[in-house]
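Engineer: Give me the fold of what follows.
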Amino acid sequence: MERKLLLIFIYCMVDDFCRQPQILPQLRRPGPKPKLPDEAVLSLALLQEFTGVTDEDDYWRYVRRQFGSYFPRQLVDRSQYHRRKKDLSPLA
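Structural biologist: Next up, the predicted model:
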């Protein structure tokens, strides 16, 4: 499957998962709404597992190059993405 279609498929599944009543409370955190939604962070993290790219820098460059247009004005810097990914890892 083409990776762009795979990302869309993963995002739809993650979005459905995140809307479940038992998951919603785990996603609510105090403070301002994040620039990159939790669903996008989880989707990109799952896509990384499928791609097999283990180097964080290489993967984030790949995401910005291939999928930057999918998240206009939402992609954060690499370190912020990885912090959010780590915070959400119990859900992945």
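Engineer: C-alpha only now, for contacts and for neighbours.
Structural biologist: Will do.
Engineer: May I have the longest helix seen in the chain as PDB, with CA atoms only?
Structural biologist: Criterion DSSP state H: the longest helix present in the chain is helix 3-18. Coordinates of each C-alpha in helix 3-18 appear next as PDB, following Å, rounded to 0.1, in the frame of the first residue of the first chain:
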ATOM      1  CA  ARG A   3       2.500   5.200   2.400                       C
ATOM      2  CA  LYS A   4       0.200   8.200   1.900                       C
ATOM      3  CA  LEU A   5      -2.800   6.000   1.700                       C
ATOM      4  CA  LEU A   6      -1.500   4.000   4.700                       C
ATOM      5  CA  LEU A   7      -1.200   7.200   6.700                       C
ATOM      6  CA  ILE A   8      -4.800   8.200   5.800                       C
ATOM      7  CA  PHE A   9      -6.000   4.700   6.800                       C
ATOM      8  CA  ILE A  10      -4.100   4.800  10.100                       C
ATOM      9  CA  TYR A  11      -5.400   8.300  10.900                       C
ATOM     10  CA  CYS A  12      -9.000   7.300  10.400                       C
ATOM     11  CA  MET A  13      -8.500   4.200  12.600                       C
ATOM     12  CA  VAL A  14      -6.700   6.300  15.300                       C
ATOM     13  CA  ASP A  15      -9.400   9.000  15.100                       C
ATOM     14  CA  ASP A  16     -12.100   6.400  15.700                       C
ATOM     15  CA  PHE A  17     -10.100   4.900  18.600                       C
ATOM     16  CA  CYS A  18      -9.500   8.300  20.200                       C
END
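Engineer: same for that helix, what does it pack against?
Structural biologist: helix 38-51 (3 or more Cα pairs under 8 Å, 6 or more residues apart in numbering; DSSP states H and E).
Engineer: what's the helix it packs on in contact with?
Structural biologist: 6-7, 10-11, 14-15, 18, 27, 54, 59, 81, 84-85, 88, 92 (Cα atoms under 8 Å, 6 or more residues apart in numbering).
Engineer: Fine by me, thanks again.
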